[in-house]
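>>> Pasting a predicted model and its sequence here:
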Amino acid sequence: MRSVILSAGKSCFTVCPGCYNHFGRTVVDTPRVLGFAAGLCDRFGLDKITVGGGDPLSRPDIIPLLTGLHGLGLRIHLDTVGTAFLGSARIRFMGSGVAERVPPGEVAAVADLVGIPLDGSTDAVQQRFRRHVTVSSQLAVLSLLDGVGARVCVNTVVHAGNLADVVGIARLLEGHPCIKEWQLFQFMPIGPLGHRNRERYRIGGDDFRRAADLALARAPEEVTVTAKSAGGRKHRYLLIDSAGLVWAPEQSRTPSWQNEDANDRRDVVGVLTDPDILDRVARLEDVGQRVPA
Ligand code: SF4
């Protein structure tokens, strides 16, 4: 089935003007999330789930949620900016207040892969996409994860503002044994913010392929490089917001990226507690499978 991305939190420790996401306003109870995830396992054979932004570490019961998903037999990829690994962390986007520190070892014990963003080798480049996040904070997070034996995937959104910095980012990956993978994502002009600010970030497929080739040539030998183009990600995601709304980006039926795919709209499938939610997901899956990969 599609990759399932669960927004565990409703807030973030950073502000990304190119954010792809539609945020929920509340946080649905963990038992309800686990019930839905169990249904996806039974009906569709789901074996992996990505727990992503709104930042999972902003959710107060993130460890019980991860433990519950792990108990269902799911492989867990957790994507976080990582700020709350370092100490209590200020909420910067979609909320206010402070999130408590989350022990990185407790996350590493149940997450198969921890995704940490690095979008530039200098603060100026890094903050073109992720405000308030510094290069030194990200390297400190990576060092903490080295220390607890986590497996890490560094995630880079490749956009017009960091295309020239791929080699610089590659250099920062050296000396961190926790880093197993480097994923490069071509910026997708979707979501309320990503679509509104698309001209600032958009790059074409040729530029992305060149950046990916450079990453492959310059990444440390032991790090696997994966390039994810915008077209290659069409019809590949099922998202659940923090409030339990199940959705997918609204995208055309053709396999390659089209101008109309750059939009701020989404197809809402339902709420994860709807009695027929799994049937609705199945209908969305049918549509996705009719689109050639
Ligand atoms: S791109 Fe991710 S980290 Fe940035 S604001 Fe959106 S959900 Fe949060």
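Structure's in. What do you need? Computed from a prediction, not measured in an experiment: that's the story for all the values here.
>>> now the strands for the stretch 151-293 of the chain?
Across the stretch 151-293 of the chain, reading from the start of the chain, the strands by DSSP state E, counting those that start in this stretch fall at 152-158, 179-186, 224-228, 237-240, 245-249, 266-271.
>>> Pull up the residues of this protein that are close to the ligand.
Where proximity means CB under 6 Å from any ligand atom, the interface of the chain facing the ligand comprises 12, 14, 16, 19, 21, 53-55, 81, 93. Where C-beta positions appear, they are placed from N, C-alpha and C, glycine not excepted.
>>> Can I get those residues in a markdown table including secondary structure and distance to Pro117?
Formatted as a markdown table, the entries for those read as follows, by DSSP: H, G, I helix; E, B strand; the rest coil; distance: CB to CB, whole Å:
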| residue | secondary structure | distance to Pro117 |
| --- | --- | --- |
| Cys12 | strand | 11 |
| Thr14 | coil | 8 |
| Cys16 | coil | 9 |
| Cys19 | coil | 12 |
| Asn21 | coil | 13 |
| Gly53 | coil | 10 |
| Gly54 | coil | 14 |
| Asp55 | coil | 11 |
| Val81 | coil | 6 |
| Phe93 | strand | 14 |
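>>> Any chance of those in TSV with neighbour count and distance to Ile190 as columns?
Below are those laid out as TSV (neighbours: other CB atoms under 10 Å; distance: CB to CB, whole Å):
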residue	neighbour count	distance to Ile190
Cys12	26	17
Thr14	20	18
Cys16	25	13
Cys19	24	9
Asn21	20	9
Gly53	29	14
Gly54	25	16
Asp55	28	19
Val81	26	20
Phe93	21	17
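>>> In those, which has the lowest confidence score?
In terms of pLDDT, the weakest of those is Gly53, which scores 87.
>>> I'd say it and Gly9 touch.
Yes. Using CB atoms under 8 Å, Gly53 makes contact with Gly9 at a distance of 7.0 Å.
>>> Check the burial of Gly97 by counting its neighbours.
Gly97 is flanked by 9 other residues according to other CB atoms under 10 Å.
>>> Go ahead and name everything in contact with stretch 225-236.
2-3, 181-188, 205, 208-209, 212, 215-216, 219, 248, 251-252, 255-257, 261, 287-288, 291 (CB atoms under 8 Å, 6 or more residues apart in numbering).
>>> Give me the buried stretch members for stretch 69-84, please.
Neighbour-count burial for stretch 69-84, counted by 16 or more other CB atoms under 10 Å, picks out 69-70, 72, 74, 76-84.
>>> which stretches of the protein have low pLDDT?
Low-confidence segments of the chain (pLDDT under 70): 287-293.
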